[in-house]
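J.: Fold the following.
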Amino acid sequence: MDLWLIPALPLIGVVLNLTFGKLWGRNGTAVVACSVVGVAFIWAVRAVMQLTQMASEQPMVEEVLFTWLPAGNFQIDVAFLLDPLSSVMVLVVTGVSFLIHVYSIGYMHHDAGFKRFFLYLNLFVGMMLILVLGNSYALAFIGWEGVGLCSYLLIGFWYEDKVNSDAGKKAFIVNRIGDLGFILAMLLLFRELGTLNFQEVFTRAEATFTLHDPRVFWITLLIFVGAVGKSAQIPLFVWLPDAMAGPTPVSALIHAATMVTAGVYMVARSSVLYMLSPTTMMIVASIGALTALVAATIAVTQNDIKKVLAYSTVSQLGYMFLAVGVGAFGAGVFHLMTHAFFKGLLFLGAGSVMHAMGDEQDMRKMGDLGRHLPATFLTMFAATLAISGVPLFAGFFSKDQILWAAFSGEHGHIALWAVGFLGAGLTAFYMFRLLFMTFVAPSNLSEEQRQKVHESPRVMTLPLMVLGVLSVIGGYIGVPEFLGGANRFIHFLDPVFNLAGHGGAHHDEVVMEWLLTGLSTVMVFGAIGLSYLCYVKNPDIPKNIAARLTGLYTLLLNKYYFDELYNAVIVQPLMQFSNWLWKVVDALGIDGAANGIAALAQSTGRRLRLVQTGYVQSYALSVIIGAVLIVGYWLFA
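T.: Below you'll find the model as predicted:
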């Protein structure tokens, strides 16, 4: 299959544009950058088709290129693994990334950093592909760190602006906290199992660990710490909203196809370990549910179109962790896939709006853009229906399976379902709030803006249309059995998760599943209607509610003061401690000691040089005096 070509192609694009970019200019750079990702997608499709044709209960291909780290019995290879899970990931990463690359040609056309942007974009995709195709925790960690580096470069792409550079640093530093957990997990795995190869780890784990083994608890908890950082869960979610400082295609790439999905993937990949630690699974599910609800409440009050989408991503990632936490690993990956379609579209659509509005991001200054941007409006409408969980759209099928698993799964609980259910209603409300304020509500544009507003060029709208179609039909590959489907997507992943005693939802209680689905559907349509009432029919309602609930509104508007809390409890004390180390330990202690020794030597030298007069008579007198003293000592001592 030559799996190595899939991650290698984007990296080859980096080398080609870095070497010859000046020769073939902007157009050549864009063509090369898009082509290598497009070919990687085609190659991935070819590899996945070959995998599906394998006559095996557990289809899997592992290709070893060379040995990377040999150390006695321990060995890490540069090798790539293709199985149903990595198949889904590699198709999502290459397919959605290709569309974002094409879109970026139009969006970044006039930017001075055009060539540098595509270099970073190719590198980002290449690193993500190493992460999802690597056959070991060690090789996946190379991609894990690579996407962290690329996020820093792309979030702070316009580094001349301090806000942007600070956002890049924030993402990098917060992720280092999570990465420490991942490193410790790998060290524990090596100590207990003697390997980091995925297949060997899972085989040995089942023979070495027992259910509720404290060793596997700490390993899985530390892996989850890494996932919390990469996938922006409470308490390490604060970097993701600030990541909006980068160009909008970067936001789409991070939120839809690359970095934030890495944590969900790693937990799903480690399903065998997690099923041995129900305690960790409950922690994962609880953090996921809490994050989904908290981020959704914040999104309700935000007015920046990209910030709304950012908190929406945090919330949807919470749903994915809720799924894997209750053992519905397939449902979590299913939502990861459908989310890539509609969230990629929503961010690219937001970029199209900003392109038309001269980079304006405040939704309060928009309105009635549907008439001016018909393609953007219709595609974003489809994505909004999908993320809201409206029946027959992609998000409906994946989110419904998560909620059902949270309610009825072996590791589920009615409280987890209730939080997810409430979050679903909030999602429909704030997403239609975004849609209505931007495209439907009365216009707040100035006359000059009305004259300048225009639909984006075809190179930007075509990716929107493709993602719009996927947002509509992308869920039909996983229609659940109670709706008459075969749930093909979940069954495709079964060979991976059956190793863990796949704990997904039970579909024998058909009546209850219909009831809960109907209940969530009523909730969604009720939330849409309430949003229409508040932001189209009577826009004074939200203002009156905010005036009456000033404290709550301020709390949500300021994002529960998480940043302020971290700044007061962690950042400022660390800065004060660092200043103390600088001024006392470094300047007074270390520098003082070094400078003191130098000053002593200098002072001693100044005094000793007084005897160096340059007169021979003085030296002769000194010799005579010395001789007399020596003779006197020997005579009278």
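J.: Work out the gap between the top strand by length along the chain and the centre of the chain.
T.: The strand of greatest length in the chain, counted in residues with DSSP state E as the criterion, is given as strand 61-71. Mean C-alpha position of strand 61-71 versus that of the full chain (C-alpha atoms, centre = their mean, to the nearest Å) differs by 28 Å.
J.: name the helices or strands packed onto whatever helix or strand comes next after that strand?
T.: For strand 61-71, the following helix or strand on the C-terminal side (DSSP states H and E) is strand 74-82. Packed against strand 74-82, as judged by 3 or more C-beta pairs under 8 Å, 6 or more residues apart in numbering; DSSP states H and E, are the following elements: helix 5-52, strand 61-71, helix 114-133, helix 137-155. Backbone N, C-alpha and C define where each C-beta goes, glycine included.
J.: Point out the one among these that comes closest to residue 234.
T.: For the helices and strands packed on strand 74-82, the distance to residue 234 is smallest for helix 137-155, at 19.3 Å, taking C-beta to C-beta.
J.: Which strands and helices lie in contact with the closest one?
T.: When contacts are defined as 3+ C-beta pairs under 8 Å, 6+ apart, helix 137-155 packs onto strand 61-71, strand 74-82, helix 114-133, helix 162-193, helix 214-230, helix 261-269.
J.: pLDDT of stretch 159-169, averaged?
T.: The average pLDDT for stretch 159-169 rounds to 91.
J.: re the thing from before, tell me the most buried of the helices and strands packed on strand 74-82?
T.: For the helices and strands packed on strand 74-82, ranked by mean neighbour count under the definition mean count of other C-beta atoms under 10 Å, the leader is helix 114-133 at a mean of 25.
J.: could you say what helices and strands that one packs with?
T.: Contacts of helix 114-133 with other secondary structure elements, assessed using 3+ C-beta pairs under 8 Å, 6+ apart, are made with helix 5-52, strand 74-82, helix 84-107, helix 137-155, helix 261-269.
J.: give me that answer again for 6 Å
T.: Taking 3 or more C-beta pairs under 6 Å, 6 or more residues apart in numbering; DSSP states H and E as the contact definition, the neighbouring helices and strands of helix 114-133 are helix 5-52, helix 84-107, helix 137-155.
J.: Enumerate the positions of the lowest-mean-pLDDT helix or strand in the chain that are buried.
T.: Taking mean pLDDT, DSSP states H and E as the measure, the chain has helix 447-452 as its least confident helix or strand, at a mean of 80. Burial within helix 447-452, assessed by neighbour count using 16 or more other C-beta atoms under 10 Å, is assigned to residue 449.
J.: Next SSE downstream of that helix?
T.: Secondary structure here is assigned by DSSP H and E; on that basis, the next helix or strand after helix 447-452 toward the C-terminus is helix 458-473.
J.: Convert the C-alpha atoms of stretch 313-323 to CSV, please.
T.: What follows is stretch 313-323 as a C-alpha-only set of coordinates in CSV (Å, rounded to 0.1, in the frame of the first residue of the first chain):
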residue,chain,number,x,y,z
THR,A,313,-16.0,23.3,18.9
VAL,A,314,-15.1,23.0,22.6
SER,A,315,-18.7,21.9,23.3
GLN,A,316,-18.8,19.3,20.4
LEU,A,317,-15.5,17.9,21.5
GLY,A,318,-17.1,17.4,24.9
TYR,A,319,-19.8,15.3,23.3
MET,A,320,-17.0,13.1,21.7
PHE,A,321,-15.4,12.6,25.1
LEU,A,322,-18.8,11.9,26.6
ALA,A,323,-19.2,9.1,24.0
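J.: what pLDDT, on average, does that stretch get?
T.: Model confidence over stretch 313-323, given as mean pLDDT, is 95.
J.: now swap in stretch 92-112 and tell me
T.: Stretch 92-112 shows an average pLDDT of 93 in the prediction.
J.: mind listing what the longest strand of the chain pairs with, with the direction of each?
T.: Partner strands for strand 61-71, per DSSP bridges, with pairing direction: strand 74-82 (antiparallel).
J.: so the strand it pairs with versus helix 84-107, what angle?
T.: Here strand 74-82 runs at 70 degrees with respect to helix 84-107, directions being taken by axes from the mean of the first three to the mean of the last three C-alpha atoms, to 10 degrees.
J.: Just the buried residues of strand 74-82, please?
T.: If you call a residue buried by 16+ other C-beta under 10 Å, then strand 74-82 has these buried ones: 76-82.
J.: same question, stretch 483-490
T.: In terms of neighbour count (16+ other C-beta under 10 Å), stretch 483-490 has its buried residues at 483, 485, 487, 489-490.
J.: Same list (the residues you listed) but as JSON lines, adding pLDDT, secondary structure and distance to residue 312.
T.: Below are the buried residues of stretch 483-490 laid out as JSON lines (pLDDT from 0 to 100; DSSP: H, G, I helix; E, B strand; the rest coil; distance: C-beta to C-beta, whole Å):
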{"residue": "483", "pLDDT": "85", "secondary structure": "helix", "distance to residue 312": "26"}
{"residue": "485", "pLDDT": "82", "secondary structure": "coil", "distance to residue 312": "27"}
{"residue": "487", "pLDDT": "85", "secondary structure": "coil", "distance to residue 312": "26"}
{"residue": "489", "pLDDT": "92", "secondary structure": "helix", "distance to residue 312": "23"}
{"residue": "490", "pLDDT": "91", "secondary structure": "helix", "distance to residue 312": "25"}
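J.: and which of these is nearest to residue 433?
T.: residue 483 (28.9 Å).
J.: Can you tell me how far that closest one is from residue 571?
T.: From residue 483 across to residue 571, the span is 49 Å (C-beta to C-beta, to the nearest Å).
J.: now do residue 292
T.: Using C-beta to C-beta, we find residue 292 at a distance of 27 Å from residue 571.
J.: Looking at those two, which is more packed in?
T.: Between residue 292 and residue 571, counting by other C-beta atoms under 10 Å, residue 292 is the more crowded of the two (29 against 14).
J.: Quick check: pLDDT value at residue 80.
T.: Residue 80 carries a pLDDT value of 95.
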